[in-house]
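Enquirer: I need the structure of the sequence given here:
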Amino acid sequence: MKLLYVDGMHCEGCENRIKNVIKGLDNIVSVSANYKKKIVEIEYENSIDVQLLKDKINNLGFTVMENEDE
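Expert: Numbers count the residues shown, from 1 in each chain. Reported below is the predicted structural model:
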């Protein structure tokens, strides 16, 4: 599982936009987002390109913040 801290989410609509984009990527098992905690949890199979995840979220107008989990 990958945990990303995302700034700029302010409602369930924001959560859904992120979930819909990430769900469409290969190897994704599940995605959950919580705008109040500013987190997106991504469960995946095999491996995942973390930079691709960040780019997809950033392209929606949000900001993936750096964290210790890299």
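Enquirer: name the nearest residue to V64, ignoring sequence neighbours.
Expert: With Cβ to Cβ, 6 or more residues apart in numbering as the criterion, V64 has its nearest non-adjacent residue at 4.3 Å, and that residue is K54. Heads up, the C-betas are built off the backbone N, CA and C, glycines and all.
Enquirer: which helix or strand contains the closest residue to S32 other than its chain neighbours?
Expert: Distances taken as Cβ to Cβ, 6+ apart put E41 closest to S32, at 4.8 Å, once the chain neighbours are dropped. Using DSSP states H and E, the secondary-structure element containing E41 is strand 39-44.
Enquirer: which other helices and strands contact the next helix or strand after that strand?
Expert: Of the helices and strands lying after strand 39-44 in sequence (DSSP H and E), the nearest is helix 50-59. If you count contacts as 3 or more Cβ pairs under 8 Å, 6 or more residues apart in numbering; DSSP states H and E, helix 50-59 packs onto strand 2-7, helix 12-23, strand 63-65.
Enquirer: any chance of a markdown table for the ones you listed, columns distance to Y35 and mean pLDDT?
Expert: Formatted as a markdown table, the helices and strands packed on helix 50-59 follow (distance: least, Cβ to Cβ, whole Å; pLDDT from 0 to 100):
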| stretch | distance to Y35 | mean pLDDT |
| --- | --- | --- |
| strand 2-7 | 8 | 96 |
| helix 12-23 | 5 | 98 |
| strand 63-65 | 13 | 96 |
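Enquirer: for K37, which of these is the nearest?
Expert: strand 2-7 (8.8 Å; Cβ to Cβ).
Enquirer: any idea what the closest residue to N58 other than its chain neighbours is bridged to?
Expert: Setting aside the residues directly before and after it, N58 is nearest to V64 in space (Cβ to Cβ, 6+ apart), at 5.9 Å. Per DSSP bridges, residues listed as beta-bridge partners of V64: V6.
Enquirer: can you get me a residue count around V64?
Expert: Neighbour count for V64, taken as other Cβ atoms under 10 Å: 19.
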